[in-house]
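Participant: Generate coordinates for the sequence data below:
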Amino acid sequence: MSDVQAVRDVPTPVSEAETRKRERIRHRRVRSTIENLAAPALALALLCAWEVAVPLLNVSAFVLPTPFDILRRTIVDYRLLLAHSWITAAEVVAGFLSAAVIGILTALAVFYSRAVERAVYPLLVAMQTVPKVALAPLVVLYLGYDWGPKLFLSFLISFFPIVVATAVGLKGLDRGYANVVRSMGASEAQVFLKVRLPAALPGIFGSFKVALSLAVIGAILGEYVAAERGLGYLQLQANANFDVTLNFAVVFVIALLGVILYSIILFAEKWINVRHGART
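Facilitator: Predicted coordinates for the structure are as follows:
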């Protein structure tokens, strides 16, 4: 072996700074793994406690089925649950999208016009404080038993947080920063697209997350009072037949639907943040 080859085979000493850097990276990875597994671990622990507690306490399956019984019923009746899930999902998405579009447009009007703000805000607060259950019979009276009541209640219950959060996000930008951008020759449209909107995006997506969960509640509420299809209607049928296991299966599917839609909002938020970061 030559001297040059022997020198190459000698391991390069790692500096203390490099060692500390590797330790920090390893700790961040471990912490990230723990944070990602926290929610599934907690859910699994609660389900295991439920599964063990029901037979130990000698609770009848007619009163409280175990998670395994609910999962088995979900698998057995997956075609029925899936058929009604599509109806509810369509109602939720339609109500949420209409609330997002109209809510953002309303927030823009509130932001750019003090008169609109003073005229609209009291009506929004009054409309939000009225229990939607009290409106449900009137909605059925005027909109019938088709898609109208579900879409309207889903829209109405998710409209308020989008308007408020978007307006607050647009107002949260420092006025001096906007004036600096204008002094550089930017138009009001450029200030809005390049400065105000990116600054308001965290608040807007935060309102979307809240509004989407409320849209699910609105759609299910509409199905309780006027529907022949959907998960809310299926749950009422399960109640009428004293089928507690199917009732819990419907609740599980509703929760799963909410998680899936919420995950889509999270993905869209991360995608927009990545694209905006790449552009800037």
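
Participant: CA only for contacts and neighbour counts going forward, please
Facilitator: Fine.

Participant: what about the helices in the stretch 51-200 of the chain?
Facilitator: Counting by DSSP state H, counting those that start in this stretch, the stretch 51-200 of the chain has helices at residues 67-76, 78-112, 114-129, 132-143, 147-171, 175-183, 188-191, 197-225.

Participant: and of those helices, who's closest to Leu234?
Facilitator: Among the helices of the stretch 51-200 of the chain, helix 78-112 comes nearest to Leu234, with 7.4 Å by C-alpha to C-alpha.

Participant: What residues sit buried inside that closest one?
Facilitator: For helix 78-112, a neighbour-count test (16 or more other C-alpha atoms under 10 Å) marks 81, 84-85, 88-89, 91-100, 102-104, 106-111 as buried.

Participant: Would you confirm that Val139 contacts Pro149?
Facilitator: Yes. Counting by C-alpha atoms under 8 Å, Val139 does reach Pro149; the two are 5.7 Å apart.

Participant: With neighbour numbers in mind, choose between these two.
Facilitator: Neighbour tally, Val139 and Pro149, criterion other C-alpha atoms under 10 Å: the higher count belongs to Pro149, 29 against 21.

Participant: For the more buried one, give its distance to Phe96.
Facilitator: 14 Å (C-alpha to C-alpha, to the nearest Å).

Participant: repeat for Asp146
Facilitator: Taking C-alpha to C-alpha as the measure, Asp146 falls 18 Å from Phe96.

Participant: Equivalent analysis for Val120, please.
Facilitator: To Phe96, Val120 is 20 Å away according to C-alpha to C-alpha.

Participant: Then Leu141?
Facilitator: Taking C-alpha to C-alpha, one finds Leu141 at 23 Å from Phe96.

Participant: sorry, back to before: which of the helices of the stretch 51-200 of the chain comes out lowest on mean pLDDT?
Facilitator: With a mean of 66, helix 175-183 has the lowest mean pLDDT of these.

Participant: Which residues are in contact with the residue nearest to Val116 when sequence neighbours are not counted?
Facilitator: Spatial nearest neighbour of Val116, chain neighbours left out: Val110 (5.4 Å); criterion: C-alpha to C-alpha, 6 or more residues apart in numbering. Contacts for Val110 (C-alpha atoms under 8 Å, 6 or more residues apart in numbering) come out as 116-117, 120, 167.

Participant: By neighbour count, which of the residues you listed wins?
Facilitator: Busiest of these [other C-alpha under 10 Å] is Ala167, holding 25 neighbours.

Participant: ok, that one touching Phe111?
Facilitator: Yes. Here Ala167 reaches Phe111: they are 5.9 Å apart, a contact under C-alpha under 8 Å.

Participant: For Val225, state which of the contacts of Val110 is nearest.
Facilitator: For the contacts of Val110, the nearest to Val225 is Val120 (29.0 Å; C-alpha to C-alpha).
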